[in-house]
Each structure stands twice: as structure tokens, then as C-alpha cells.
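Q: the amino acid sequence is not available; the structure is as follows:
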């Protein structure tokens, strides 16, 4: 290997092999374009929301009167826990943290989780990953942590846009408050991503994993909303994951250790199920 070109070629080949052996890095590399677009989308949306706040303040009286006339069911569904919509926290809760951010993070998490194993299997690329001397459990674990990092990246973009937006448009809300609400939303998204991952590991069907993840998310959201309207359902509201994100108002009250423990514990249990199910299943590759 006296020729420097061959040395460079050899180093490139070794680098590719190391990347392929590290499923965590390979997954992030494969998702880099999608992560970039997700981050840009979150940043622009939240910055736009922050930029509209001064006009909301100017129309505070009219808005309060209009909101008072809305049906309770509508307010429970779209303004759950928002509080005073003309305050910075109430406005951001209503426009971002109550619906849009959780929904977008759920879409990202469920899509990522479903594609992590089932997507690779359907695409016929899972056999390439398993052809390396890697145990199956490592594939699942590294895919899961790639999802954690991906969720962290787009959540950071979301937080940055709101932080700078709050500074530029005179929103009296702290960076810590924004971080608490953002982290809570990310944990919610990861929890449903873990559901999709587990279903994908059990079945090898990406579409089915997405369908189950979406169905559970919709059911969980409706339970949380209906528990505010139907008194007989109130004892069951804590069975909804949305309860630990929306009802505890992390933007105003901060993150609660108990809520974080629920999300983390739920994700760890689903990750464990994913590993066990994937280890025992005959693959279609």
C-alpha cells in the first residue's frame, strides 16, 4: 500500500464497514435529510406562532369574549389546559403544546419506530444488518436510541425557535419553561414510537405498526378529552399517556418527576418487549 490512493480507498472502506457495524450511526446518517426537514419545519412553525403573539395581545378583550362562548367539548379538545390564551404561556399552550407539537412528535415517533425494524425487513435490508456479527437485541436497542436522538434533534429545533421568538416578540416566558414543555412532548412522542417499534418487531409489518401506533394515540387522546367531559370516565384518565403531558401543564408548572418516570418506564417496558419479540420471531428475510 505504497500508493496513497490505495491508502485513502482502504480507509474509506474501513470507515464504511465501521459505520455499517454501528447501526445507531448508520440509522442517523440514513435519516439525516428527514431530520433536517423536520427540524426546519418545527423551527419555522414555532417562530411563526411566536411572531403572531403581539397581535393576539392587541385583541385580548375580543378573544376572551369569543372563547367564553365556545362549547365545553371544543375547549376540552383544542384548548385543554391552555389557561388564559392572551398570556404567553396560555397562547403557546393553545397554539403549540396542546395539539400541534404533540401531534407532530407523535407522527415522527410512530413513523420512526415502525420503520426501525419492520421497515428494514420489508425493504429487504434487514438481512444486511444481521449479516454483521451483531446480536438481534443490539439492532433493536441501537435503533431505539437513534429514535431518541432524532426526537431530541427536532425538539431542540422547536425549543430554539420558541426561545428566540419569545425574546424577539416580548413574550414573558422563561427558557426553562419552554424546555419543560418541549421535553414532555418529546417523551410523549417517544412513548408512542416505542409502541410502533414493538409492533414492528413482533410482526415485521411497517404499515400495521403505524396503524396500531396511530390507533392507540387517538384512543389515548380521546380518553383524556372525554374524561374532562364525562364524569364517569374521570377515574380512567390516568390510563391515557396524554394525561401526563397535557393535564399537568409542564409549560407553567414544570416537569414532574412522576410524569417523566411514567414515560421513561413505559418506553423501557416496550423496548424490552421489542427485544424479546424480535429475538423469538422467524424473520421474512
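A: Perfect, thanks for sending it. What you see is a predicted model, and the numbers here were worked out from it, not measured in a lab.
Q: flag the shaky bits of this structure, pLDDT-wise.
A: Applying pLDDT under 70 to the chain flags the ranges 1-21, 58-84, 284-285.
Q: can you tell me the centre-most residue of it?
A: Central residue of the chain (C-alpha atoms, centre = their mean): residue 189, 2.8 Å from the mean position.
Q: for the helix or strand containing residue 139, buried residues please.
A: Taking DSSP states H and E as the definition, one finds residue 139 inside helix 136-168. Buried residues in helix 136-168, counting neighbours by 16 or more other C-beta atoms under 10 Å, are found at 136, 139-144, 146-148, 150-151, 153-163, 165-166. C-betas here are computed from N, CA, C, even on glycine.
Q: packing partners of it?
A: helix 23-30, helix 32-51, helix 100-114, helix 126-130, helix 175-203, helix 257-280 (3 or more C-beta pairs under 8 Å, 6 or more residues apart in numbering; DSSP states H and E).
Q: give me the contact list for the second one.
A: With C-beta atoms under 8 Å, 6 or more residues apart in numbering as the contact definition, helix 32-51 has outside contacts at 28, 92, 95-96, 100-101, 104, 108, 150, 153-158, 160-162, 164-166, 168-169, 171.
Q: picking up where we left off before, for the residue nearest to the centre of the chain, what are its contacts?
A: Residue 189 makes contact with 102, 105, 106, 108, 109, 151 under the criterion C-beta under 8 Å, 6+ apart.
Q: out of those residues, who's nearest residue 271?
A: Minimum distance to residue 271 across the contacts of residue 189 is 13.1 Å, recorded for residue 109 (C-beta to C-beta).
Q: report the angle between the helix holding residue 139 and helix 23-30.
A: Relative orientation of helix 136-168 with respect to helix 23-30: 50 degrees, computed using axes from the mean of the first three to the mean of the last three C-alpha atoms, to 10 degrees.
Q: the closest residue in space to the residue nearest to the centre of the chain that isn't next to it in sequence and residue 22: what is the separation?
A: Of all residues beyond its chain neighbours, the one nearest residue 189 is residue 105 (3.2 Å), with distances taken as C-beta to C-beta, 6 or more residues apart in numbering. For residue 105, the distance to residue 22 under the criterion C-beta to C-beta, to the nearest Å works out to 26 Å.
Q: who has more neighbours out of those two?
A: Remark: of residue 105 and residue 22, residue 105 carries more neighbours, 26 against 16, as counted by other C-beta atoms under 10 Å.
Q: wait, the more buried one touches residue 191, no?
A: No: contact criterion C-beta atoms under 8 Å: residue 105 and residue 191 do not qualify, at 10.1 Å.
Q: which residue sits closest to residue 22, ignoring its sequence neighbours?
A: Computed as C-beta to C-beta, 6+ apart, the closest residue to residue 22 that is not its neighbour in sequence is residue 142, at 7.4 Å.
Q: pull the contacting residues for the one you found.
A: With contacts defined as C-beta under 8 Å, 6+ apart, residue 142 is in contact with 22, 23, 24, 27.
Q: and it, how close does it get to residue 191?
A: Taken as C-beta to C-beta, the span from residue 142 to residue 191 is 19 Å.
Q: and what of residue 238?
A: Distance, residue 238 to residue 191, by C-beta to C-beta: 14 Å.
Q: more crowded one of those two?
A: Per other C-beta under 10 Å, whichever of residue 238 and residue 191 has more neighbours is residue 191, with 25 against 14.
Q: go ahead and confirm the more buried one touches residue 259.
A: No: contact between residue 191 and residue 259 fails when scored by C-beta under 8 Å: they sit 11.2 Å apart.
Q: circling back to that earlier point, by neighbours, which of the contacts of residue 142 wins?
A: Per-residue neighbour counts (other C-beta under 10 Å) across the contacts of residue 142 peak at residue 27, which has 24 neighbours.
Q: measure stretch 91-100 end to end?
A: Distance across stretch 91-100, first residue to last, is 13 Å (C-alpha to C-alpha, to the nearest Å).
Q: could you pull out the buried residues of that stretch?
A: Taking 16+ other C-beta under 10 Å as the basis for neighbour counts, the residues of stretch 91-100 that come out buried are 91, 92, 93, 94, 95, 96, 97, 98, 99, 100.
Q: okay, these in a markdown table with secondary structure and distance to residue 268 next?
A: Formatted as a markdown table, those follow (DSSP: H, G, I helix; E, B strand; the rest coil; distance: C-beta to C-beta, whole Å):
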| residue | secondary structure | distance to residue 268 |
| --- | --- | --- |
| 91 | helix | 35 |
| 92 | helix | 30 |
| 93 | helix | 28 |
| 94 | helix | 32 |
| 95 | helix | 32 |
| 96 | helix | 28 |
| 97 | helix | 25 |
| 98 | coil | 27 |
| 99 | coil | 27 |
| 100 | helix | 28 |
